[in-house]
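> Got a predicted model here, sequence first, then my questions.
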Amino acid sequence: MGDAYIETVEESSRRSFQYRIITLAGAGVFLDGYDLFIISVALILLKPYFALSTTQLALLSSSALIGAVIGPILFGNLADRLGRKRLFLIDLLFFVVFAAASAFAANFYELVIFRLLLGIGIGADYPVSSSYVAEFVGAQKRGRALASTFAFQGVGVLSAIVVGLALLGTGPNGWRWMLLSGVAPAVIVLLFRTRLPETLRWYLSKGKTDEAGKVIHEMTGEKEGTSEIMAVAQSTSAKELIVSPYRLRLFFASVSWFLVDIAVYGIGIYTPTFIHELYGANSPPTSNELAYAVIYAFAGVGYGLAVLSIDRIGRKPLQIGGFLVMGLALLIGALAGSSLSLFGLSSVLAVFYVAENMGPNTTTWVYPVELFPTRIRGTGHGFAATVGKLGAVAGVYALPLLLALDRSVMLLFVALAAFAGAAVTVALGIETKKQSLENVSEVFSSFYNYISSLSDKLVKSALELHELFYSFDRLGERYAAIKQVEHEGDEIVHEVFTKLNRSYAAPIDQAEISALTKSLDDVLDTIHAVAVRVSLYKLDAPTPEMRSMSDIILESVNLIRDSVSQMPSLRGSNSIMARCVRINELENEGDSLLNESVARLYELSDPVKIMKLKEVYEYMEIVTDRCEDVADVFRDLVVKYS
């Protein structure tokens, strides 16, 4: 099944099916936000209930986040190996079991352990939910679908605040009801998720064509014969993220997520406590929580703007702009110092939350599923989410300590993290809007058509040269045809390098694509150089050696085109290496033929003719050298991607 056909299936899938996918994936993200942030209200009752010290308060606040560090990297890799759906159900079991256990904890230590285990399930849902949605929605709507799914987190956070406020007055044990309140929706979501299918892309990546056909039927309502489906089983290896060209993408996704989560969780979880301690120590805590709820309501605006703009403006501009506005808002708050009123701080945080959720809080969740191919998508997203949650833990631990020094120091710390996130995105971010998952996640896919066209030009030029030496007629027309093909090849090369410079920021990817493009162009240029010399020197007739050399050239470029055609299967079964070996053998034959040809030239008496023929022979042999250069690039690619 071709990449274009998969996109067609995704784009034509029934709207009701896509809504069901987004809703049930989003429901898990809702629970992520709900269970992580319900503790922010529960802490008001837990602090006196267990007589918590500052250290214990920090540990309890961050226990679920610590678990969320473990969950993504563990379950993301399992989702690549075992399937999205299976892990889609397992992570919900963590929500049900350990949310209930947390509510019945007998002491502080039990509560920390149960919250940590709950956090593993929360973290696990990040790579699984995002991969699940991304692999069911076409390129034109994928950004909005992912942003809509992630927006459920905001609904979950706001719901946690509302429920927490409602239960705050139920007495000292109100925190138990708060933590228990997430169990019922988790059970409901778990039951509905059991009826979801595995993703089409995961089945195809494992070579399971029968199952893929059934999923297509469920997506579109149309019967798909397995004979029309092609699938290539691909191995799953976490090592590929580190040793392959994907490592720079992994660095970008992980570091930007780390920096934004310092703000999201550091400020998000402690905002009720900060507001209460700074402005309302002698007032009922409910009024302070209400202020927080109003502030966070602005986050809903950010989520909504992200849904509307992510496929129009793009991921990279939103992430850069969001980071910058977050940093500027907090910098203003830091410079205002202790003179900042409750209204002033609320205004700063309102702008901060809009920018955060319109920008990096959403885009750092979207980016990883688009930057990595199906075989390692869950692993890549899981690793980035794990690093992100390390940022969350750092924020939760560091911000109270910085607040104890000075409010301005705390705000300045988070502002600097936001500015660093903008810098990382400017330097390393790539734009992925409305591109198919294959085009953006597989290193060469978006350039394949260019490279394939260039290899076709090679064959066309070599055929003209071959005909020139065998028929030796219409020399002017054949030379003009070779020159035209060389010109068309130059235009393709120009387009490749223009696209590399404008839209493809990963240097390692650039080096490999440019190396292949340049080596193909060198072959085309050298064939043209041969034709130029034949035209300039006005040879009387072709020699047998020229015809033999043109045979070698034609076979070599056909082998190159065949190798290019197998580029989409670099990780699967292919015969590229065998073709490279044959190109090398042909280059050796060209060397031998050149030596023999030059030796025969000295039997001639005309020195001018000797010089002309010798130069033509040498340039024809250089063509075979350039073909071998292409083969060397292919060898490197096969070794790296196999």
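Yes, it's here.

> Quick check: residue 378 vs residue 68, distance?
As judged by CB to CB, to the nearest Å, residue 378 and residue 68 stand 16 Å apart. Every C-beta, even on glycine, is put in place using the N, C-alpha and C of the backbone.

> Same drill for these two, tell me which one is more crowded.
Of the pair residue 378 and residue 68, residue 378 is the one with more neighbours under other CB atoms under 10 Å, namely 34 against 31.

> Would you map out the domains in the protein?
3-196+235-441, 445-641 (automatic domain parsing).

> Tell me which other helices or strands the strand or helix carrying residue 375 touches.
Using DSSP states H and E, the element containing residue 375 is helix 374-405. Using 3 or more CB pairs under 8 Å, 6 or more residues apart in numbering; DSSP states H and E as the contact criterion, the neighbours of helix 374-405 among helices and strands are helix 54-82, helix 108-134, helix 200-205, helix 239-243, helix 246-279, helix 360-371, helix 407-428, helix 437-441.

> Now render those helices as TSV, adding mean pLDDT and distance to residue 390.
Formatted as TSV, the helices and strands packed on helix 374-405 follow (pLDDT from 0 to 100; distance: least, CB to CB, whole Å):
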stretch	mean pLDDT	distance to residue 390
helix 54-82	85	6
helix 108-134	91	11
helix 200-205	78	28
helix 239-243	65	17
helix 246-279	80	6
helix 360-371	90	13
helix 407-428	92	13
helix 437-441	57	24
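
> Buried deepest among the ones you listed, which one?
Across these, the average number of neighbours (mean count of other CB atoms under 10 Å) peaks for helix 360-371, which reaches a mean of 28.

> what number of residues lie near residue 487?
12.

> For residue 604, see how far away it is.
In this structure, residue 487 and residue 604 are 35 Å apart, going by CB to CB.

> what sits against residue 457?
Contacts for residue 457 (CB atoms under 8 Å, 6 or more residues apart in numbering) come out as 485, 486, 488, 489, 492, 524.

> shouldn't residue 88 be in contact with residue 127?
No: with contact defined as CB atoms under 8 Å, residue 88 does not reach residue 127; the gap is 10.7 Å.

> mean confidence for the helix holding residue 375?
Confidence for helix 374-405, expressed as mean pLDDT, is 84.

> what's the answer for stretch 516-524, then?
Here the average pLDDT along stretch 516-524 is 94.

> buried set for it?
Along stretch 516-524, the positions that meet the burial threshold by neighbour count (16 or more other CB atoms under 10 Å) are 516, 517, 519, 520, 521, 522, 523, 524.

> Restrict it to CA atoms and write it as PDB.
What follows is the C-alpha trace of stretch 516-524 in PDB, where atoms were taken according to Å, rounded to 0.1, in the frame of the first residue of the first chain:
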ATOM      1  CA  LEU A 516      22.900  12.000  -2.800                       C
ATOM      2  CA  THR A 517      21.500  14.800  -4.900                       C
ATOM      3  CA  LYS A 518      25.000  16.200  -5.600                       C
ATOM      4  CA  SER A 519      26.400  12.800  -6.600                       C
ATOM      5  CA  LEU A 520      23.500  12.200  -9.000                       C
ATOM      6  CA  ASP A 521      24.000  15.600 -10.500                       C
ATOM      7  CA  ASP A 522      27.700  14.900 -11.000                       C
ATOM      8  CA  VAL A 523      26.900  11.900 -13.100                       C
ATOM      9  CA  LEU A 524      24.500  14.000 -15.300                       C
END
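
> Okay, the spatially most central residue of the chain and residue 496: tell me how far apart.
For the chain, the residue whose C-alpha lies nearest the mean C-alpha position (CA atoms, centre = their mean) is residue 371; its distance is 1.5 Å. Applying CB to CB, one obtains 21 Å for the distance of residue 371 from residue 496.

> likewise residue 467?
Relative to residue 496, residue 467 is positioned 28 Å away (criterion: CB to CB).

> So which of those two has more stuff around it?
Counted by other CB under 10 Å, residue 467 and residue 496 do not tie: residue 496 has more neighbours, with 23 against 16.

> My read is that the more buried one contacts residue 515, right?
No: with contact defined as CB under 8 Å, residue 496 and residue 515 do not form a contacting pair (11.4 Å).

> re the thing from before, any chance of the helices and strands packed on helix 374-405 in TSV, plus distance to residue 543?
Converted to TSV, the helices and strands packed on helix 374-405 look like this (distance: least, CB to CB, whole Å):
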stretch	distance to residue 543
helix 54-82	58
helix 108-134	60
helix 200-205	53
helix 239-243	50
helix 246-279	51
helix 360-371	54
helix 407-428	55
helix 437-441	47
